[in-house]
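Colleague: Sequence first, predicted model second:
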Amino acid sequence: MKRWIPRIIVLAVLAGAAAFVGLWWQPWAKGDHDISFSTVTVGKGTIAAQVTANGTLSAHKTVTIGAQVSGRIVELDADFNSVVKDKQIIAKLDDTVLRAQVEQAKANLDQAAANVQKAEVGEMDGLRQYKRQQLLREQQLVADATVEAAEVTYKEAVANTILMKAQVEQNKAQLDQAKLNLSYATIYSPVNGIVLSRAVDVGQTVAASLSAPTLFTIAEDLTRMQIDTSVAESDVGRLDDKDVAVTFTVDAFPGKVFPGKISQIRNSPTTTQGVVTYDAVIDVDNQDLKLRPGMTANVTFVLAQVADAVKIPNAALRFKPTREQMMAIRQSFGGSGHHGSGHHGGGSGSDAGSSGWGGMKMGSDGKPDFGDKKPVWKLVDGRPKMVLIKPGLTDGSTTQLVEGELEPGDVLITDIEGLPAAAQNQRKVGAF
């Protein structure tokens, strides 16, 4: 038994050590566990801050041609896409009824003129009778009542003459109205332009009792068009400068970019399901007549632009490792820590294995205070390294590098895979 006691003690120590290793030793602590990184590459090119919107192309001036009188279409002198001139006849209505109304109005005018002559004769006779009765009263041959009755008759004749003359004027107006209605039976183009649509056919009857029915739609000039876009209220304030560069595309010409110019931002809002938008009107030059009314335009407003910028994918700016991830990376990769010099002026960096955050100032919430800079994580020889950069203009997917030790071709981390379960489960807890 004395010989077995030391052996038992040794076995117990070995078993305890094995248990300790089994409980506390992790393969990733020595780099045996595979840790992989999702990465993006720093690029170089043009970055433009943009606002996008959709709209519809239309002619600058569109005229709707209607009929002011009812009738049957007997002639059409314009069709779809017809080029028309100002005052050109484009349609005619059956004018049989309208001509009859003109003749009736003429007859009424002649009758009224005859009534005027008759009233004037009555007025002249009334005046003669009135004067005769006055002479007889002076000779005391008639009573005053007889003279007064003659006076009343005369004045009634005068009023009747005035009435007949007014009826003449009334019938003249009716004749003019009948002639005007007759002229409406012939439809003229009010402008030079091109016919966009025709809504009637020969033989069709149009009724203009309550409103003028539409016969044609004419675009005055398709070489100058406009786009009515719906710009969100969060973006409309950025378009106050009419010198903002505008481009747009249409599905009819894939890959071709057309230029435009802001002509007006209308104050009247449009609310759709709680979303407020404003109409930004874009002027478009269409000298080659490639663009057609009604085309859907995908409009881009270029607010600012930087050429030859170092472009950082925004996914790298959004990556924020947790404390668990930091500890796992430090134990996996180790490192003594160092600070690099910036390629773009004054950047600083530190290895994941260096202690703390490189002596950086900490905020009251326990998180590092980077000021106007942001941290990104760069892979250097397979090792993650934090680099502070100062971002500039962004287009929504990439951001301009203003200051920091990054250059095109550098690889930035956007995610980490292969960490222990504790780290994986706490990625969103206590992020720096």
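Modeller: Looks like it came in fine.
Colleague: Check the offset of the helix or strand that contains residue 197 from the chain's centre.
Modeller: Using DSSP states H and E, residue 197 sits within strand 193-198. Distance, stretch centre to chain centre, for strand 193-198: 25 Å (Cα atoms, centre = their mean, to the nearest Å).
Colleague: would you put the C-alpha positions of that strand in PDB?
Modeller: Output in PDB follows, covering the C-alpha atoms of strand 193-198 (Å, rounded to 0.1, in the frame of the first residue of the first chain):
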ATOM      1  CA  GLY A 193     -47.900  70.500 -82.500                       C
ATOM      2  CA  ILE A 194     -48.300  66.800 -82.900                       C
ATOM      3  CA  VAL A 195     -51.500  64.800 -82.100                       C
ATOM      4  CA  LEU A 196     -50.900  62.500 -79.200                       C
ATOM      5  CA  SER A 197     -54.400  60.900 -79.100                       C
ATOM      6  CA  ARG A 198     -57.600  60.900 -81.000                       C
END
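Colleague: Give me the contact list for it.
Modeller: 59, 62-63, 76, 78-84, 90, 215-222, 293 (Cβ atoms under 8 Å, 6 or more residues apart in numbering). For every residue, glycine as well, the C-beta is placed using N, CA and C.
Colleague: Select from those residues every entry located in strands.
Modeller: 59, 62, 63, 76, 83, 84, 90, 215, 216, 217, 218, 219 (DSSP state E).
Colleague: Where does pLDDT dip in this structure?
Modeller: 1-34, 241-242, 334-368, 418-432 (pLDDT under 70).
Colleague: re earlier: go through the ones in strands among the contacts of strand 193-198 and name the one nearest residue 329.
Modeller: Nearest to residue 329 out of the ones in strands among the contacts of strand 193-198 is residue 59 (Cβ to Cβ; 62.6 Å).
Colleague: how close does that closest one get to residue 414?
Modeller: 48 Å (Cβ to Cβ, to the nearest Å).
Colleague: Report the spatially closest residue to residue 235, excluding sequence-adjacent ones.
Modeller: residue 51 (4.4 Å; Cβ to Cβ, 6 or more residues apart in numbering).
Colleague: sorry, back to before: now list the buried members of the contacts of strand 193-198.
Modeller: Buried members of the contacts of strand 193-198, scored by 16 or more other Cβ atoms under 10 Å, are 59, 76, 78, 82, 84, 90, 215-220, 222, 293.
Colleague: With distance to residue 167 as added columns, please give those residues in TSV.
Modeller: Converted to TSV, these look like this (distance: Cβ to Cβ, whole Å):
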residue	distance to residue 167
59	49
76	41
78	42
82	47
84	43
90	39
215	37
216	40
217	43
218	42
219	48
220	45
222	52
293	52
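Colleague: tell me the strands in the stretch 301-432 of the chain, going along the chain?
Modeller: Under the criterion DSSP state E, counting those that start in this stretch, the stretch 301-432 of the chain contains strands at 349-351, 374-380, 383-394, 398-403, 411-417.
Colleague: quick one, helices of the stretch 151-300 of the chain?
Modeller: Remark: helices assigned in the stretch 151-300 of the chain by DSSP state H, counting those that start in this stretch are 233-236.
Colleague: mind listing what residue 391 touches?
Modeller: Contacts of residue 391 (Cβ under 8 Å, 6+ apart): 312, 317, 374, 399, 400, 401, 402.
Colleague: So the nearest residue to residue 144 once chain neighbours are set aside: helix, strand or coil?
Modeller: In space, and not counting its chain neighbours, residue 144 is closest to residue 137: 6.6 Å by Cβ to Cβ, 6+ apart. Classification of residue 137 by DSSP: H, G, I helix; E, B strand; the rest coil places it in helix.
Colleague: Let me see the contact set for residue 137.
Modeller: 143, 144, 146, 147.
Colleague: Which elements pack onto the host helix or strand of the last one?
Modeller: For residue 147, the enclosing helix or strand under DSSP H and E is helix 144-184. Using 3 or more Cβ pairs under 8 Å, 6 or more residues apart in numbering; DSSP states H and E, the elements in contact with helix 144-184 are helix 96-138.
Colleague: hmm, back to that, relative to residue 149, how far out is the residue nearest to residue 144?
Modeller: Separation of residue 137 from residue 149 (Cβ to Cβ) stands at 12 Å.
Colleague: Next: residue 387.
Modeller: Taking Cβ to Cβ, one finds residue 387 at 120 Å from residue 149.
Colleague: residues near residue 112, how many?
Modeller: For residue 112, the count of nearby residues is 19 (other Cβ atoms under 10 Å).
Colleague: In this structure it contacts residue 163, no?
Modeller: No - at 10.2 Å, residue 112 does not count as touching residue 163 under the criterion of Cβ atoms under 8 Å.
Colleague: circling back to that earlier point, can you give me the angle the helix holding residue 147 makes with helix 96-138?
Modeller: Taking axes from the mean of the first three to the mean of the last three Cα atoms, to 10 degrees, one finds helix 144-184 and helix 96-138 inclined to each other by 160 degrees.
Colleague: now helix 144-184, how far from the centre of its chain.
Modeller: 61 Å.
Colleague: And for residue 219, nearest residue in space, chain neighbours not counted?
Modeller: residue 59 (3.7 Å).
Colleague: The one you found pairs with what?
Modeller: Beta-bridge partners recorded for residue 59 (DSSP bridges): residue 225.
Colleague: right, and it touches residue 223 too?
Modeller: No - contact criterion Cβ under 8 Å: residue 59 and residue 223 do not qualify, at 9.7 Å.
Colleague: overlap in contacts of these two?
Modeller: With Cβ under 8 Å, 6+ apart as the test, residue 59 and residue 223 reach no residue in common.
Colleague: Identify the residues contacting residue 287.
Modeller: Contacts of residue 287 (Cβ under 8 Å, 6+ apart): residue 223.
Colleague: how near is it to residue 401?
Modeller: Counting by Cβ to Cβ - residue 287 and residue 401 are separated by 41 Å.
Colleague: returning to what we had before: relative to the strand holding residue 197, what are the paired strands and their orientations?
Modeller: Counting by DSSP bridges, strand 193-198 is paired with strand 83-84 (antiparallel), strand 214-219 (antiparallel).
Colleague: Show me what the first one is in contact with.
Modeller: Read that as strand 83-84. Counting by Cβ under 8 Å, 6+ apart, 78, 90, 189, 192, 193, 194, 195, 218 sit against strand 83-84.
Colleague: what do you get for the longest one?
Modeller: If you take Cβ under 8 Å, 6+ apart as the criterion, strand 214-219 is touched by 59, 61-67, 78, 84, 90-91, 187, 189-191, 193-200, 206, 293.
Colleague: Can you tell me what sits against stretch 157-175?
Modeller: 102, 105-106, 108-109, 111-113, 115-116, 118-120, 122-123, 125-127.
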